[in-house]
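Visitor: 3D model of this:
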Amino acid sequence: MQRFYHGDENGFTDHLEINRQTAFHEAGHVAAICLENKRKSLPLIHFEIRVGKQDILAQPLFAKVSGGRLVGDLATVIHQDVSSNGDSSNIDSYQLVYEADIINFLAGPLAEAKYISIRDNEVFNINLLTPQAINHYGGNADMLEVMSYLEFFIPSPVQREAKLNALFAQAFRFVQQPSNWKSITALAHYILNNAHENISCEQAIEVLTAGVKK
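Guide: Predicted structure coming up:
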């Protein structure tokens, strides 16, 4: 889960604005990992936010969420199990966790999209967005991860598309929920103002929790 802006087609970069977009993007990932997983009674998986701020005047903010996946290396384990036993029925038991991971991937670019819509005084409406549109909000790498999950767990292209649209809608509702948006905003500001290069899981949770109470 990484958001890094390289400049527009004209080579121009408004670093301060791109930094804000990046912060909201990564905050969206983290909020979903913490708050949505908790709502579903899923275990909290360790993560940290790595932030590069060596020279924000010379280059935009680099930020990346490391860890936080429920599936992890599980796909490899399942693949080995299916190959050796010829039985794919166990894959269904992982549906809740792989769907949660996908929602967490999608929440990042959707949080960035919501931030931009607020900044530009535009409507943030799911009917104006598609899963493919998140590529415009730093979601290229996220979408690659999402499609990798879906292609592994769902053989049918038609079923994959239906599942993607359903999970996209869930991620949109998560970001749009007012208390979640307060938490995302609080963490985004913390990422921007934090002086350290690593934000721990515990620090992020504390900020998200405080954001809900405001």
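Visitor: what's the next secondary structure element after the biggest helix by length in the chain?
Guide: Longest helix of the chain, by residue count under DSSP state H: helix 95-119. Sequence order places helix 140-153 as the next helix or strand after helix 95-119, per DSSP states H and E.
Visitor: so Lys64 is in which element?
Guide: Here Lys64 is assigned to strand 62-67, by DSSP H and E.
Visitor: List of residues touching that strand?
Guide: Residues from elsewhere that reach strand 62-67 (CB atoms under 8 Å, 6 or more residues apart in numbering): 1-4, 22-23, 25-26, 29-30, 33, 45-52, 108, 191, 201. C-betas here are computed from N, CA, C, even on glycine.
Visitor: quick one: buried residues of that strand?
Guide: Neighbour-count burial for strand 62-67 flags 62-65 (criterion: 16 or more other CB atoms under 10 Å).
Visitor: and if you look at stretch 117-133?
Guide: Across stretch 117-133, burial judged by 16+ other CB under 10 Å covers 124, 129, 131.
Visitor: show me the contacts for the second one.
Guide: Neighbouring residues of Leu129 by CB under 8 Å, 6+ apart: 110, 113, 172.
Visitor: What subset of the residues you listed is buried?
Guide: Buried members of the contacts of Leu129, scored by 16+ other CB under 10 Å, are 110, 113, 172.
Visitor: Include distance to Val158 and pLDDT when you put those into CSV, please.
Guide: Putting these into CSV (distance: CB to CB, whole Å; pLDDT from 0 to 100) gives the following:
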residue, distance to Val158, pLDDT
Leu110, 24, 97
Ala113, 26, 96
Phe172, 22, 97
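Visitor: follow-up on the earlier one: out of the contacts of strand 62-67, which sit inside helices?
Guide: Short answer: these in helices (DSSP H) are 22-23, 25-26, 29-30, 108, 191, 201.
Visitor: What is the most widely separated pair among those?
Guide: Thr22 and Cys201 (19.4 Å; CB to CB).
Visitor: picking up where we left off before, rebuild the buried ones among the contacts of Leu129 as TSV, extending it with distance to Ile102.
Guide: Shown next, in TSV, are the buried ones among the contacts of Leu129 (distance: CB to CB, whole Å):
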residue	distance to Ile102
Leu110	12
Ala113	17
Phe172	13
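Visitor: what does stretch 153-167 contact?
Guide: Counting by CB under 8 Å, 6+ apart, 91, 94-95, 98-99, 102-103, 106, 131, 146, 150-151 sit against stretch 153-167.
Visitor: Identify, from these, the entry nearest to Ser183.
Guide: Ile103 (15.4 Å).
Visitor: Please verify my assumption that the closest one contacts Arg173.
Guide: No - counting by CB atoms under 8 Å, Ile103 stays clear of Arg173, with 9.7 Å between them.
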